[in-house]
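Trainee: sharing a model prediction with you, sequence too.
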Amino acid sequence: MSPKNKITIAGLGAGSPDSITMGVWKALKSSSCIMLRTGKHPVVDYLSREGISFSTFDYIYEEEAYFEQVYARIAAEIIRQALAGINVLYAVPGHPLVAEESVRLVIEKAEKDGLEVELLPAASFLDDLFTVLRLDPGRGLQVIDGLRLDQKPPLPAIAAVITQVYSRMVAADVKLSLLELYPPEHPVTVVRGAGIPGLERIKKIPLFELDRLEWVDHLTSVFVPEVSSEKWEMGREKWAVGCEENNGEKDGQAAVPAGDAELGEGVEVVQVYEDEDGVPEMTGETSLYPLDPLVNIMARLRGEGGCPWDREQDHRSLRPYLLEETYEVLEAIGEEDTYKICEELGDLLLQIVFHAQIANEESCFNMNDVVEGISEKMIRRHPHVFGSVAVKDSREVIINWEKIKAKEKAGNNPAGLLSGVAKSLPSLMRAAKLQEKAASVGFDWPDYRGALAKVSEEIVELESAISSGKPVETERELGDLLFSVVNLARLLGIDPETALLETSGKFIRRFAYIEKMAGLAGRDLSSCTLSELDKWWENAKKQEKI
């Protein structure tokens, strides 16, 4: 076998540079093609400082939605490089055979293609975990992939370590899976960065709080102690009874018996009633999601002895905060971060409650009026749900919605079609709304081709204005071009705001790469030439396309 047809798979240890073995270090120093599964590992910065050149597969994580696809692509790329005659050193966190699915795939594919694989072991995260938790695996221990709990759930009678709990979102999924097997109050120990100086954190909490820790990241595992057989059977019986009692009830009712000390004490079963038209209505003052605590907090902040800043605010002064919180919700949605979305929605809700409290103090309206008003409007504008109107698809829903809105405003003074588009909207969004309104009465291009031709026409006019040296005319033509681009996006079915946010995010990622490369070169950005910066920019683009 030619030495060039060989793949070396090395473990980088649990995270401390001291855990890198001499054999791995020699391989790293002598290899000309080092590929890391991820650069998100504490030892990677140390490798950079020691002059070790490498590439990472982090870009694949950003491009694929599922880990199975990520690992398959990584394995395929390593095999491709090896078949091309490149002596590949593939380095992974910890031990290469502990919780490393990509390694399994590489070995499997290499055997089929007749490639030699050499394994260079290292201490795994489990070794440090056993140390910090004083665990003896000889007494019985399961190591379970937190991303595969649906396929391989743990046995409650045996202690378990749940790996791959790399984010709060994964922690939430793990919690829900474990709650099917363990009581909510079952103690678990969350460990991040075991054995890594400055990063190690250990916290013992009840299982139901697993997704509430903000510091959960890619270095996190969860230790779940065993449950006695007697307690396990008793808990399962209680849970089963709770589920049986809920069979046939409407969605939204609690499935856990109220008053159960272990399985959800104080959970109230809330009945959902409907009036004769099938419209949901409140049952007294009971609510699944009460706003009272937040409303009371805001009243206290605005009251005597409250917060001076809160007491000084009015509707007008709060406008920038309302806009800021709205954009932070949009940013969280773009990042697909469930917990950040929840947090930012809370901040946005606070602004709504704030405005309602100010109005209440002025005897205009209160939070109850806000909720009641929007509830009535939603019922009124959805006759296909709460009434007898039939619709075929979402298009007919929109048509009915506009007709109902027009009928609601029939008693008001007649206004132009575009008058309902708020002037306070961001320019990009307002342009799209104006064009949508005009298109609703037929003032529109037949398809995107007309809009695309218009964009080309506006570019020519902008070039002419720039050549004329007239700033006012140039500004006007640039505005026309932007308006035309928004129109093109609409006809292509693309939200211009979302498209621009994505491009801004891409710019940030690529510029971060430039900063990283300048740092590795020991250079300050301001001292780099434009050609150097441009070269790094092009490299960043290439990495995204690999």
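Mentor: Thanks, I have it. Numbering: from 1, shown residues only.
Trainee: buried ones in the strand or helix carrying L482?
Mentor: Using DSSP states H and E, L482 sits within helix 471-491. For helix 471-491, the neighbour count (16 or more other C-beta atoms under 10 Å) marks 474, 477, 480-491 as buried. Using the backbone N, CA and C atoms, a C-beta is placed for each residue, glycine as well.
Trainee: what helices and strands are in contact with whichever helix or strand comes after that helix?
Mentor: Scanning forward in sequence from helix 471-491 by DSSP H and E, the next helix or strand is helix 496-520. Packing contacts for helix 496-520, counted by 3 or more C-beta pairs under 8 Å, 6 or more residues apart in numbering; DSSP states H and E, involve helix 319-335, helix 427-439, helix 471-491, helix 530-545.
Trainee: now these in a markdown table, with distance to E497 and mean pLDDT?
Mentor: Below are those laid out as a markdown table (distance: least, C-beta to C-beta, whole Å; pLDDT from 0 to 100):
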| stretch | distance to E497 | mean pLDDT |
| --- | --- | --- |
| helix 319-335 | 8 | 84 |
| helix 427-439 | 6 | 86 |
| helix 471-491 | 9 | 92 |
| helix 530-545 | 22 | 84 |
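Trainee: for the residue lying farthest from the centre of the chain, give me its contacts.
Mentor: Going by C-alpha atoms, centre = their mean, the residue of the chain most distant from its centre is S468, 47.8 Å out. S468 is in contact with T474, counting by C-beta atoms under 8 Å, 6 or more residues apart in numbering.
Trainee: rewinding a little: need the contact partners of the helix holding L482.
Mentor: Contacts of helix 471-491 (C-beta under 8 Å, 6+ apart): 427-428, 431-432, 435-436, 439, 444-445, 447-448, 451-452, 454-455, 457-459, 461-462, 464-466, 468, 495-496, 499.
Trainee: just the buried residues of those.
Mentor: Neighbour-count burial (16+ other C-beta under 10 Å) is assigned, among the contacts of helix 471-491, to 428, 431-432, 435, 444-445, 448, 451-452, 454-455, 458, 462, 465, 496.
Trainee: these: which two are farthest apart?
Mentor: Using C-beta to C-beta, those span at most 26.5 Å, a distance reached by D444 and A465.
Trainee: what residues of stretch 319-336 count as buried?
Mentor: By neighbour count on 16+ other C-beta under 10 Å, the buried set for stretch 319-336 is L322, E325, E328, V329, A332, I333.
Trainee: just stretch 194-202 next, same as before
Mentor: Applying 16+ other C-beta under 10 Å to stretch 194-202 flags A194, G195, I196, R201 as buried.
Trainee: once you drop chain neighbours, what's closest to the first one?
Mentor: With C-beta to C-beta, 6 or more residues apart in numbering as the measure, D128 is the residue that lies nearest to A194, at 3.9 Å, once sequence neighbours are left out.
Trainee: with the second one instead?
Mentor: Across the structure, with C-beta to C-beta, 6+ apart as the measure, the residue nearest G195 apart from its sequence neighbours is D128 (3.2 Å).
Trainee: what's the helix or strand for the one you found?
Mentor: helix 125-133.
Trainee: mean confidence for that helix?
Mentor: The pLDDT scores in helix 125-133 average 86.
Trainee: ok, and what's touching the next helix or strand after it?
Mentor: The first helix or strand that comes after helix 125-133 along the chain, using DSSP H and E, is strand 142-145. For strand 142-145, contacts defined as C-beta under 8 Å, 6+ apart pick out 98-99, 101, 126, 152-155, 158-164.
Trainee: who does the helix or strand just after strand 142-145 touch, helix- and strand-wise?
Mentor: Using DSSP H and E, the helix or strand that follows strand 142-145 in sequence is strand 160-163. Using 3+ C-beta pairs under 8 Å, 6+ apart, the elements in contact with strand 160-163 are helix 125-133, strand 142-145, strand 220-224.
Trainee: coming back round to it: separation between the residue nearest to G195 and K204?
Mentor: D128 sits 17 Å away from K204, going by C-beta to C-beta, to the nearest Å.
Trainee: what of V441?
Mentor: To K204, V441 is 64 Å away according to C-beta to C-beta.
Trainee: more neighbours: which of those two?
Mentor: The neighbour comparison of V441 against K204 (other C-beta atoms under 10 Å) goes to K204, with 12 against 8.
Trainee: how about the more buried one, what does it touch?
Mentor: K204 touches P187, V188, T189, V190, counting by C-beta under 8 Å, 6+ apart.
Trainee: on the three-state scheme, it is what?
Mentor: Per DSSP: H, G, I helix; E, B strand; the rest coil, the local secondary structure of K204 is strand.
Trainee: who is it paired with across the strands?
Mentor: Assessed by DSSP bridges, K204 has beta-bridge partners T189.
Trainee: let me know the pLDDT of it.
Mentor: With respect to pLDDT, K204 has a value of 93.
Trainee: that one and P187, how far apart?
Mentor: When distance is defined by C-beta to C-beta, K204 is 6 Å away from P187.
Trainee: can you name the residues in contact with stretch 292-307?
Mentor: Outside stretch 292-307, the residues within contact range by C-beta under 8 Å, 6+ apart are D310, R311, L349, L350, V353, F354, A356, Q357, I358, N360, E361, M367.
Trainee: extract the CA atoms of it and return them as CSV.
Mentor: Below are the C-alpha coordinates for stretch 292-307, written out as CSV (Å, rounded to 0.1, in the frame of the first residue of the first chain):
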residue,chain,number,x,y,z
ASP,A,292,-51.2,40.3,35.1
PRO,A,293,-47.7,39.9,36.7
LEU,A,294,-46.0,41.9,33.9
VAL,A,295,-48.8,44.6,34.0
ASN,A,296,-48.5,44.9,37.7
ILE,A,297,-44.7,45.2,37.5
MET,A,298,-45.0,48.0,35.0
ALA,A,299,-47.6,49.8,37.1
ARG,A,300,-45.2,49.6,40.1
LEU,A,301,-42.3,50.9,38.0
ARG,A,302,-44.5,53.9,36.9
GLY,A,303,-46.0,54.5,40.3
GLU,A,304,-44.8,56.5,43.3
GLY,A,305,-41.5,55.3,44.5
GLY,A,306,-40.9,53.5,41.2
CYS,A,307,-38.2,53.9,38.7
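Trainee: please identify the buried residues of it?
Mentor: L294, V295, M298, A299, L301, R302.
Trainee: ramachandran coordinates for the residue nearest to E200 when sequence neighbours are not counted?
Mentor: Nearest non-adjacent residue to E200, counting by C-beta to C-beta, 6+ apart: G193, 4.7 Å away. Backbone dihedrals for G193, given as degrees, to the nearest 10, come out at phi 60, psi 50.
Trainee: show me what contacts G193?
Mentor: Taking C-beta under 8 Å, 6+ apart as the test, what G193 contacts is G15, P42, L199, E200, R201, L219, T220.
Trainee: repeat that for T8.
Mentor: A27, S31, N87, V88, L89, Y90, V117, E118, L120.
Trainee: check K433 too.
Mentor: V421, L425.
Trainee: distance of it relative to E328?
Mentor: As judged by C-beta to C-beta, K433 and E328 stand 21 Å apart.
Trainee: equivalent analysis for F54, please.
Mentor: Distance of F54 to E328, computed by C-beta to C-beta: 36 Å.
Trainee: returning to that earlier point: okay, and which of the contacts of T8 map to helices?
Mentor: In helices, defined here by DSSP state H, the members of the contacts of T8 are A27.
Trainee: out of the contacts of T8, which is nearest to E532?
Mentor: Closest to E532 out of those is S31 (26.8 Å), distances taken as C-beta to C-beta.
Trainee: OK, contacts around the closest residue to that closest one other than its chain neighbours?
Mentor: Sequence neighbours aside, L89 is the residue nearest to S31 in space, at 4.0 Å (criterion: C-beta to C-beta, 6+ apart). Neighbour list for L89: T8, A10, A27, L28, S31, C33, I34, M35 [criterion: C-beta under 8 Å, 6+ apart].
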